[in-house]
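>>> Next one to model:
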Amino acid sequence: MGIDWLIASNNRGKSDDLRRCLAYYGVSASQYLTRYPHLNFPAETTTSYVDNAVGKAQFAARALQQPVIADDSGLELPARPDLFGVTTARDLGVAVSGSDRNREIITTLNSLPLAQRRAVMRATLAAAWPDGRVVVAQATVTGYLLPVQIGQYSGGFDRLFWLPHLGRTLAELPDQWRIPLSHRGQAAQQLKQQL
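Here you go, the predicted model:
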């Protein structure tokens, strides 16, 4: 019998997306809040996706005495390295909804031509057990940030993230096509291979 993993996040949207990505690859998981009270995770103070994901996972595994999976992800824009990256959520405001974050990105990049809007979404997943074991997986997807939000199959940055080889945003793709292409989906596949 496999482990029923807990997702170490207070963000319901991210947790649901991660749950679907893990399920796609046969890993059963649910947001920890479905079984346990709210945790106050330590502040993400590092500029390392790995350190942030591992820190969340280890904290939750110890607090809950259950195996957990945590995510740290970000949006990187090579033309504007001063923006986003590992501090994307902190820079845009953690309490702000995905649509509001997207509007902020659209406003910030308003004067940047599409050719300079090449972007990378990066996901780092860390699985941790109460005994201290940890495994980490990382993946990226490259595309372009559109000046409008398009798509209804997923939320957040997926609505801005255009894949030129498909001529669609990630949010325009149903899960069976989106998950294998997305940063979080690819990281889930890599993590599954280590569990």
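>>> Would you mind identifying the next helix or strand past the helix or strand of the chain with the lowest mean pLDDT?
Within the chain, judged by mean pLDDT, DSSP states H and E, the helix or strand with the poorest mean is helix 88-92; its value is a mean of 61. Using DSSP states H and E, the next helix or strand after helix 88-92 towards the C-terminus is helix 98-108.
>>> Just the CA atoms of that next one, as CSV, please.
Coordinates of each C-alpha in helix 98-108 appear next as CSV, following Å, rounded to 0.1, in the frame of the first residue of the first chain:
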residue,chain,number,x,y,z
GLY,A,98,-3.8,34.8,-8.7
SER,A,99,-5.8,37.1,-11.0
ASP,A,100,-4.6,40.1,-9.1
ARG,A,101,-1.0,38.9,-9.3
ASN,A,102,-1.5,38.4,-13.1
ARG,A,103,-2.8,41.9,-13.4
GLU,A,104,0.2,43.2,-11.6
ILE,A,105,2.5,41.3,-13.9
ILE,A,106,0.6,42.6,-17.0
THR,A,107,1.0,46.2,-15.7
THR,A,108,4.7,45.7,-14.8
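>>> Where does the prediction get shaky in the chain?
1, 87-99 (pLDDT under 70).
>>> Let me see the ranges of the helices in it.
Remark: helices assigned in the chain by DSSP state H are 12-24, 49-64, 88-92, 98-108, 175-181, 183-194.
>>> contacting residues for the most centrally placed residue in the chain?
For the chain, the residue sitting closest to the mean C-alpha position, by Cα atoms, centre = their mean, is residue 73 at 4.4 Å. Going by Cβ atoms under 8 Å, 6 or more residues apart in numbering, residue 73 touches 14, 49, 88, 121-124, 183-184. From N, CA and C alone the C-beta is placed, and that goes for glycine too.
>>> same thing with residue 110?
residue 147.
>>> what residues are up against residue 46?
Contacts of residue 46 (Cβ under 8 Å, 6+ apart): 52, 55, 86.
>>> Residue 115 versus residue 186, what's the distance?
Applying Cβ to Cβ, to the nearest Å, the value for residue 186 to residue 115 is 25 Å.
>>> neighbour count winner among the two?
When neighbours are counted by other Cβ atoms under 10 Å, residue 186 and residue 115 differ, and residue 186 comes out ahead with 21 against 8.
>>> hmm, back to that, out of the contacts of residue 73, which is most surrounded?
residue 123 (28 neighbours).
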